[in-house]
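# structure, please.
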Amino acid sequence: MASKHSKPVKRALKPLATSATNIALVEIVLRALSYRFRDKVESEMVEAANEKRSNEEEKLVDGHSLITSIGLYGAAKLAAKSPAGLGIVAGGLVLKTLYDRGKSVRARRAARQIEGPTKVEGK
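From the prediction side, this is the model:
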């Protein structure tokens, strides 16, 4: 027999009997988290919009054309539908980043060549 002063044993949460119920619970949690995250991002964006922005920031935020907006929407849908779509979009973003970095390196090299050679050490 257990004594009156013993603590109750804590039991781990077990999944429910039906997998459909488990899936529904997971979906509810994931949707709630995504809604919460989206609300947070939207409030941050509104706050940032109310602050004074430089011209470069305004170009980045307000400069989307209709084609760019459609492309961003399509990429988001593709990434959200499947892991393969997410891989394609993420891979495209990595390639774009590498391309932009290479472009800036080439621009710096071209600027150095235009300026001419700098001091040569040892002479």
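
# tell me the spacing between Ser104 and Ile114.
Ser104 sits 16 Å away from Ile114, taking CB to CB, to the nearest Å as the criterion. Where C-beta positions appear, they are placed from N, C-alpha and C, glycine not excepted.

# the more surrounded of the two?
Ser104 (10 against 7; other CB atoms under 10 Å).

# what helix or strand does that one sit in?
Per DSSP states H and E: Ser104 is located in helix 83-115.

# for that helix, name the packing helices and strands.
Under the contact definition 3 or more CB pairs under 8 Å, 6 or more residues apart in numbering; DSSP states H and E, helix 83-115 sits against helix 66-81.

# what's the average pLDDT for the helix it packs on?
Mean per-residue pLDDT for helix 66-81: 84.

# list the contacts of it.
Helix 66-81 is contacted by residues 64, 85-86, 88-90, 92 when judged by CB atoms under 8 Å, 6 or more residues apart in numbering.

# which stretches of this structure have low pLDDT?
Residues of the chain meeting the criterion pLDDT under 70: 1-5, 8-17, 51-64, 116-123.

# returning to what we had before: out of the contacts of helix 66-81, who has the most neighbours?
Neighbour counts for the contacts of helix 66-81 (other CB under 10 Å) peak at Val89, which has 17 neighbours.

# quick check: that one vs Leu78, distance?
Relative to Leu78, Val89 is positioned 6 Å away (CB to CB).

# cool, and Ala111?
In this view, Ala111 and Leu78 are 38 Å apart by CB to CB.

# over to Ala48?
For Ala48, the distance to Leu78 equals 27 Å [CB to CB].

# of the two, who's got more company?
Leu78 (15 against 11).

# tally of neighbours for the residue lying closest to Val89 once chain neighbours are set aside?
Nearest in space to Val89, with sequence neighbours left out and distances taken as CB to CB, 6 or more residues apart in numbering, is Ala79 at 4.1 Å. As a burial measure, Ala79 scores 18 neighbours (other CB under 10 Å).

# I'd like the distance between Ala79 and Leu98.
Relative to Leu98, Ala79 is positioned 19 Å away (CB to CB).

# next one: Leu25
From Leu25 across to Leu98, the span is 41 Å (CB to CB).

# if anything else comes up later, I'll come back, but that's it for now.
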